Each structure stands twice: as structure tokens, then as C-alpha cells.
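In: quick one: sequence plus predicted model below, questions after.
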2 protein chains.
Amino acid sequence: MSNLTVVALDAMGGDNAPSAMVQGAVNAVNESKEVKVVLVGKEDVIKAELANHSYPAEQIEIKNATEVIETAEHPVMAIKKKKDSSMVVGLHLVKEGQVDALVSAGNSGALLVGGLGIVGRIRGIERSPFGALIPTKTGVTLLVDSGSNVDCRSSHLVQFAKMGSIYMEKALGIKNPKVALVNNGAEEEKGNALVKETMPLLKECDSINFVGGIEAREIPAGTVDVVVCDGFVGNAILKTFEGVASTLLSVFKEGLTSNLLSKIGAALALPSLKNKLKAFDATQYGGAPLLGLNGLVVKTHGSAKALEVRNTIFQCVTFKEQKINDHIKENIVIEKKED
Amino acid sequence: MSNLTVVALDAMGGDNAPSAMVQGAVNAVNESKEVKVVLVGKEDVIKAELANHSYPAEQIEIKNATEVIETAEHPVMAIKKKKDSSMVVGLHLVKEGQVDALVSAGNSGALLVGGLGIVGRIRGIERSPFGALIPTKTGVTLLVDSGSNVDCRSSHLVQFAKMGSIYMEKALGIKNPKVALVNNGAEEEKGNALVKETMPLLKECDSINFVGGIEAREIPAGTVDVVVCDGFVGNAILKTFEGVASTLLSVFKEGLTSNLLSKIGAALALPSLKNKLKAFDATQYGGAPLLGLNGLVVKTHGSAKALEVRNTIFQCVTFKEQKINDHIKENIVIEKKED
């Protein structure tokens, strides 16, 4: 199984399950011999979906799971009670080493609770952050923690910075990634208590290319590769990002189609516009991995469609091939022991 | 001076000072007999600017101040040392009751330090938040605190909610404004320690229309009127908002002008597009008042142009006419005494 990456896919999670999940899996295995997908969920439902597709049979497997965790369920209760849910069954496959990764578009909180409780953190890693890739004018930036740990200590943020740096270097091939800490201004005296405590610790980190504080306004310009903050602030940034982008796009669309002249104009301008906006499509980069676990668990958008699912499957391939968890263990945990 | 609102304007603060400041002041007094502007700053510079304009002489006054606080200066040191700066002189005019308000596009941190130190808080108000109006799909929402207090306690957030509600009701005429607390999800169990402590306190507030938590993604849709959070989170939201909007607008512009066809299309679509986007222009709503002070201090964008300056001057007129500080004293401070 050395050259093959086996990805468990929660076939029941997300707004577009199971069809988008199955379609994404089929697209992935039709493109590459190096990936196998285990579709986890209700066997009869998945079989009926798969019947619409053609694909190499040896690259898709079904793992039956009779329950489904809904988006609005209480995470802790859901993981505890629904032992035969697609998410819990998938997490156990990761824990037991039967698969290399689990991808889910389902309940984020439950995935977090289950990721920590079932798969578990790498020894020495204090907290596991979500690392979301957000589109910028020049490419993509990792926001870490994008929503997992809403109350953090400075030592957590330092580990987030190190894991984020390793991820961007190994998974995205960015040499010596620039790491910045979210702050409320560029000046030295700025910052809340957490930032003031964390800033000097990050300045002392030889293993990362720390460039200082960054105000949220600068993030979309793409001047840094890793943006570090606690999960509450990260969630606020990520969700504001998504909300403003989607609202502005709909306002633009309304403006471009509100009368005949503008409709003609829109038709002429559209190809070039779409081309520019493609760079701002987060789904092309895959999902948000929960960094620092004994295995790989990746959250995709609840609204993920087949393309994002397919991209997230290949993201798991890169994660395995680049041995990102080995780098985390070597660079962060060993460094910590030496402290 | 009962029907006249006297506004001190920091003529030296901001990227476009003094010309945008003087132009904004001239526009305001040419439009209304009910406002008088005291331009604070270097007398010779202001006089030279004013020479380019015609206006009713009795409605513009110059107050000489020989120093200027720069954007990058340390706020505490700047306020302490530059006693004859336009900002400090303007703040003293507010404190002494010689003017009803000070408007400045200068160093936010210094304005905050000076507002608290020189003008002072209303007795019973624990912290003064910035209340920034952010454009939404349906109008405008007040983000409070948008950047003044980076470490908050729950009692501070409760006062922000109450002051924000009064401001939106009195200054913008919104009946029974909907107030929400920023959270990292809609579910009951979400929240960092501060949110979990604050949520039940806000639910108990009879004087406001509290609707619960709001995820940052929902803010641009304009479903609530007042969004409450600590100043660190508020700064992250406000700056992400501004950064994404400006980046997307520039990407759109590039897309619309990248080839001949798209240029023709853009020309046809532009009038309708501009119309739709006007609603997303924050500058039409004026600046961010520092709520809960013994007087009115308003921060405008560092990049403010004459239109925003003019609008902020009229915002001060409304603030005075609607007796917002009296309402804050009556509703919040008295309520507090009864606690």
C-alpha cells in the first residue's frame, strides 16, 4: 500500500451528500491510480449513487455505517451516541491505520471532537487547529487556527505557527513560508494580552520565518503565507471573508443583470471576469486539515461540491506523500523536548 | 447656541489633510446654517486652504495648533508630549464644552487615549468602544467595539450592546434595533469563555432587542442592526471586511478592463453596477464615534475624503440633536445603579 493513498470519505456529511461525495470520489479515482476511496455511510444509498458512474472497481470500496450525524447536533453527544455514524466509523478507520485520511463535509464540531477523542493528538502537540486555505490576490494563505480552539494560550499559537509553516512548505511547496500573527495594527504596542505574550515567543522561533504582526485588512493581498490566531478570531476572519465575498459577488451579479445594457455588457465582460475571479475560489485548494493529529482528518465546506471533494482527496495524497506528520513530529515535538 | 452644532475638525489628521478636511468643512457649512466648524491646526496652512473656497465666514473658525500627531506615533507618548497638536487642542475644546464634537482622521490609538484621558468617560460607563457603521446588503450595521478595547470583560460587552442599540435607534432611526453577539457558530454550545459568560447576561437585558449569537459570515447580509464583540475581534472583522471588499473590487476592475471586449462590456454595465455598489460604500455613513464619553469624539477613516468628512460633520449634528449621550446616561448608567 506504499504508493497508494487510501482516503475514507464521509459519504453522508454535507449539504450535497451523498451525490457530490460519490461524484468527487469517482472523479478522483478515474484520474489517478494512486488513490483509493472508502465511501463510508449507508451501503444501499451509496450503491445506488455509484450505479450512475463508471470507475475502476478496485479503487472504490464501501464501508457500511447506519447512522448520520446532522449539522445541528451537539458535537459531544453526537460522537458519543452515534457509534455507527459515517463520521465515527470513518474516524476509527483512521485510528486503526486502515486508511490514511478521513474527509468529511459534515458537522465541524463533531469532526473536531471525534478527531481529538478517537484519532488523538500527536504526543507533545497541545492543541489541534484547523488550517483553512484562503484565496488571496497572489495565491493562497493558510489561516491557522481557523476555528478549532476558541480559547488559546501563547504556547498553542506558537505550535500553530510551526505546524502551519511545515504545511505550507511541504503541501504547497512554498519555500521558507512567511508567518505572521494577527494583530489590531502594525505598531509594536498593539495587541491584546494573548498577542503581547505570543509575539516575543514567535520572534524567538528559529525554525520559522516570522515576519511580525498582520492586520486583517492585509490578508487578502497575500503578503504572507501563514496567518496565526486563536480559533475564535480565525473563525471571525474566515467567515467575514466568505460572507463579504459572497455578498459582493451577488451585488455585482445584480448590477450586471439589472437592465438590458448591463446584460449585454456582462455577456461581453464575463469570460475575462470569470478568469480573474477563479483565483478567488477557495474550493480549488481543498479542505481544512486538523493539524497535529495521529493521522489526517480534513474538513471540507458543508456546501462542498464534487470538485472540492476531488481536490480534498488529492490534498490527502500530498499530505501523505510529503510525510507532513513526520515533519511535525520531528520539528515540533523534538524541539519541545529540548526546551 | 441651541440650534447650532459646533464641530471641531482636526484639520491636520489623515492621509488627505488638510485639503479634504477643509473641503468637507466648507461643503457642510454651505449646505446648512445649523452647523459651525472649528478647523484645528496650523493657522497659516488652513488659511491658505480656505482661500480657495467661498463659504459663510461666521460658520468657519480657525483654532491654531502648532503640532501634528503622526499616524505611526506611539499613542500615549504622542498625547502626553504634543500638547499643542491639532488633536489634543481639539479634545480640550470638547472637554471645555466650547464645541459639541471633535472629528479626526488621525492616529486612532492617540484619539482613543486622548478621548479617554482628556474628555473622559461618562460616570458609570466602564469602557468606551468605537462604533463603526459597516455597509450591508440591506443598509448598515453597527459593529461595536470595532477596535478600541482589545481585552474585554462581559460587563463591557453588555454596555457596548446597550450603547449600540441607543445609537442605532436615535442616530439612524431604527426602531427596536436587533442586537447580536459575535460567535463562532449558531449553536447554543458555541463560544469562547467571554461569549459564554456574556450570552446569558445579554439575554436578561430587557432594554435591548437581543437576538442571540451571529456568525461573522451573516454580517454582510444585514440581518441585524448591532453586532457586539470585543475590540480585537471587531478590528479583525472590520479590517477583513475592508480588505476583502477592496481586493475584490480591484480584481473585478482588472477583469472588466483586461481586453477590448470586456472593456466594451464594462462601459455598458458600469452605470447599473455603480448604482448597486454605492450601497456598499461605508463613507456615506460617516465615521466611528467613541461611545460613552463626556462629549463626542468621532474617528473617520485615515483615507477619508471631503464627502466622508462632510457626512461625519452631519453625523455629529444628529448625535447632538438626538441627545444620544443623555439617553446613554439615563438608560445605562441609571440601570447600572439599580443593579
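Out: Now that the structure is in, tell me what you want to look at.

In: strands along chain A, start to end?
Out: A:5-10, A:35-41, A:60-64, A:101-104, A:131-135, A:140-144, A:178-182, A:209-214, A:226-228, A:288-289, A:296-299 (DSSP state E).

In: the helix ranked longest in chain A to strand B:209-214, inter-axis angle?
Out: Counting residues, the longest helix found in chain A (DSSP state H) is helix A:231-256. Counting by axes from the mean of the first three to the mean of the last three C-alpha atoms, to 10 degrees, helix A:231-256 lies at 100 degrees to strand B:209-214.

In: what is helix A:231-256 packed up against?
Out: If you count contacts as 3 or more C-beta pairs under 8 Å, 6 or more residues apart in numbering or on different chains; DSSP states H and E, helix A:231-256 packs onto strand A:131-135, strand A:140-144, strand A:178-182, helix A:260-278, helix B:231-256, helix B:260-278. To be clear about C-beta, it is placed using only N, CA and C from the backbone, and glycine gets the same treatment.

In: the residue nearest to the spatial centre of chain A pairs with what?
Out: The structure's chain A has its C-alpha centroid closest to A:Ala288; by C-alpha atoms, centre = their mean the separation is 0.6 Å. On DSSP bridges, the residues paired with A:Ala288 through beta bridges are A:Lys299.

In: ok, back up a step: avg pLDDT for the longest helix of chain A?
Out: Here helix A:231-256 scores 88 as its mean pLDDT.

In: what separation do you get for A:Asp15 and B:Ala78?
Out: In this view, A:Asp15 and B:Ala78 are 51 Å apart by C-beta to C-beta, to the nearest Å.

In: give me the domain ranges for chain A.
Out: Structural domains assigned to chain A are A:1-125+A:292-324, A:132-283, following automatic domain parsing.

In: enumerate the residues of the stretch 1-150 of chain A near chain B.
Out: Within the stretch 1-150 of chain A, the positions near chain B by C-beta under 8 Å from any C-beta of the partner chain are A:Ala72, A:His74, A:Pro75, A:Val76, A:Ser108, A:Gly109, A:Thr136, A:Lys137, A:Gly147, A:Val150.

In: filter those residues down to just the buried residues.
Out: The neighbour count (16 or more other C-beta atoms under 10 Å in any protein chain shown) marks A:His74, A:Pro75, A:Ser108, A:Gly109, A:Thr136, A:Lys137, A:Gly147, A:Val150 as buried among the residues of the stretch 1-150 of chain A next to chain B.

In: need the contact list for A:Gly97.
Out: A:Gly295 (C-beta atoms under 8 Å, 6 or more residues apart in numbering or on different chains).

In: weakest of the domains of chain A by average pLDDT?
Out: domain A:132-283 (a mean of 90).

In: what's the offset of that domain from the middle of its chain?
Out: Distance, stretch centre to chain centre, for domain A:132-283: 13 Å (C-alpha atoms, centre = their mean, to the nearest Å).

In: over to stretch A:313-325?
Out: Averaging C-alpha positions (C-alpha atoms, centre = their mean) puts stretch A:313-325 13 Å from its chain's average.

In: again with stretch A:21-30
Out: When distances are taken as C-alpha atoms, centre = their mean, stretch A:21-30 is centred 18 Å away from the chain's centroid.

In: which parts of that stretch are buried?
Out: Residues of stretch A:21-30 classed as buried under the neighbour-count rule (16+ other C-beta under 10 Å) are A:Met21, A:Val22, A:Gln23, A:Gly24, A:Ala25, A:Val26, A:Asn27, A:Ala28, A:Val29.

In: now swap in stretch A:121-130 and tell me
Out: By 16+ other C-beta under 10 Å, the buried positions in stretch A:121-130 come out as A:Arg121, A:Ile122, A:Ile125, A:Arg127, A:Ser128, A:Pro129, A:Phe130.

In: show me the contacts for the first one.
Out: A:Arg121 makes contact with A:Arg127, A:Ser128, A:Gly292, A:Leu293, A:Asn294 under the criterion C-beta under 8 Å, 6+ apart.

In: what's the farthest-apart pair in these?
Out: Pairwise distances across those (C-beta to C-beta) peak at 14.2 Å, for the pair A:Arg127 and A:Asn294.

In: run through the bridge partners of A:Val7.
Out: A:Val37, A:Ala101.

In: just checking, it touches A:Ala101?
Out: Yes - counting by C-beta atoms under 8 Å, A:Val7 does reach A:Ala101; the two are 5.0 Å apart.

In: overlap in contacts, those two.
Out: Common contacts of A:Val7 and A:Ala101, defined by C-beta under 8 Å, 6+ apart, comprise A:Cys316.

In: before we move on, back to that, closest one to A:Lys42 out of the buried residues of stretch A:121-130, please.
Out: Nearest to A:Lys42 among these, with distances taken as C-beta to C-beta, is A:Phe130, at 27.1 Å.

In: the more surrounded of A:Asp15 and B:Ala78?
Out: Applying other C-beta atoms under 10 Å in any protein chain shown to A:Asp15 and B:Ala78 shows that B:Ala78 carries more neighbours, namely 23 against 13.

In: so the more buried one sits against B:Ser108, correct?
Out: No - applying C-beta under 8 Å as the test, B:Ala78 and B:Ser108 come out as separate, 11.6 Å apart.

In: for A:Asn184, which residues are in contact?
Out: Taking C-beta under 8 Å, 6+ apart as the criterion, A:Asn184 is in contact with A:Lys190, A:Gly191, A:Asn192, A:Val195, A:Glu215, B:Gly147, B:Val150, B:Gly231, B:Phe232, B:Asn235, B:Ala236.

In: perfect, I'm done here.
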